[in-house]
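Colleague: Dropping the sequence and predicted coords here.
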Amino acid sequence: MSSMITKKLRRWEIANFLVVGIAGPLLHFAYEWSGHNSIIAAFSAVNESTWEHMKIFFLPLFLMTLLEMMVFTERYRNFLAVKTVAVLAGTALIPVLYYTYTGVWGRGSMAADIAIFYIAAAFSSLVSYLLLEKGKLVGSGKQVVGLLLLWAVAFAFVWFTYRPPHIALFYDAVSGRYGL
């Protein structure tokens, strides 16, 4: 890879981290700020469940991926598959770290939850950068699967806001409810 392309990719991955770091907290409160608007609920956290925190992490990265497609798909033939892996890895890291530390300590911590959010954002950007640079996950079939999977997960985040399964991932311990 040329040095200029590598620097450009590095800047975009830093931008991804910053967008998640800024948009995530804003999306955490957007539903409340909107007066509990049901349309805003689709894209923001509606409660304190782990699922809703995963949603406010996923959405900014999903949107950035759609934007980045215009910049990088010609140069990186592995772009969609790699971004899917990176976005989902960061999203999955949130419940893994959360349930691990609360299982060990027996309680949650807002500071730890915030740190997990930013660790997941950094992890996602690092995975994306490394896989793109190493040329992993090349192939048109993998790119199609990546794009379809990203859209399916985006749909699931919206769908389960309104119709959450009654399992721990969707449970809001603060309100004692699931979803809205």
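Modeller: Ah, there it is. The model shown is predicted, which means the values in this text are computed figures rather than measured ones.
Colleague: I figured A120 hits P95, correct?
Modeller: No. A120 is beyond contact range of P95, at 9.8 Å (criterion: C-beta atoms under 8 Å). Just so you know, the C-beta spots here come from the backbone N, C-alpha and C atoms, and that holds for glycine as well.
Colleague: Who has more neighbours out of these two?
Modeller: A120 (26 against 17; other C-beta atoms under 10 Å).
Colleague: Any chance you could list what contacts the strand or helix carrying the more buried one?
Modeller: Secondary structure assignment for A120, by DSSP states H and E: helix 110-134. Outside of helix 110-134, the residues within contact range by C-beta atoms under 8 Å, 6 or more residues apart in numbering are 1, 6, 9-10, 13-14, 16-17, 20-21, 24, 53, 57, 61, 72, 76, 78-79, 82-83, 85-87, 89-91, 93-94, 97-98, 101, 137.
Colleague: same thing with stretch 17-34?
Modeller: Residues contacting stretch 17-34 (C-beta under 8 Å, 6+ apart): 37, 40-41, 43-46, 53, 55-57, 59-61, 64, 117-118, 121-122, 124-125.
Colleague: Cross the residues you listed against helices and list the overlap.
Modeller: 40-41, 53, 55-57, 59-61, 64, 117-118, 121-122, 124-125 (DSSP state H).
Colleague: So which of those residues is the closest to R177?
Modeller: A41 (13.3 Å; C-beta to C-beta).
Colleague: now the helix ranked longest in the chain and helix 110-134, what's the angle there?
Modeller: Ranked by residue count, the top helix of the chain under DSSP H comes out as helix 3-33. Counting by axes from the mean of the first three to the mean of the last three C-alpha atoms, to 10 degrees, helix 3-33 lies at 150 degrees to helix 110-134.
Colleague: how far is helix 3-33 from where the chain is centred?
Modeller: Offset of helix 3-33 from its chain centre (C-alpha atoms, centre = their mean, to the nearest Å): 10 Å.
Colleague: Now the host helix or strand of A156 - C-alpha only, CSV.
Modeller: A156 belongs to helix 140-162 when elements are defined using DSSP H and E. Taking Å, rounded to 0.1, in the frame of the first residue of the first chain, the C-alpha atoms of helix 140-162 are listed here in CSV:
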residue,chain,number,x,y,z
SER,A,140,-16.8,-10.3,-4.1
GLY,A,141,-18.9,-12.9,-2.2
LYS,A,142,-17.4,-11.8,1.1
GLN,A,143,-18.2,-8.2,0.3
VAL,A,144,-21.8,-9.0,-0.5
VAL,A,145,-22.2,-11.0,2.7
GLY,A,146,-20.5,-8.2,4.6
LEU,A,147,-22.9,-5.6,3.3
LEU,A,148,-26.0,-7.8,3.8
LEU,A,149,-24.9,-8.6,7.4
LEU,A,150,-24.3,-4.9,8.2
TRP,A,151,-27.8,-4.1,7.0
ALA,A,152,-29.3,-7.1,8.8
VAL,A,153,-27.7,-6.0,12.1
ALA,A,154,-28.9,-2.4,11.6
PHE,A,155,-32.4,-3.7,11.1
ALA,A,156,-32.1,-5.9,14.2
PHE,A,157,-31.1,-2.9,16.3
VAL,A,158,-34.2,-1.0,15.2
TRP,A,159,-36.6,-4.0,15.4
PHE,A,160,-35.5,-5.0,18.9
THR,A,161,-36.0,-1.5,20.2
TYR,A,162,-39.7,-2.0,19.7
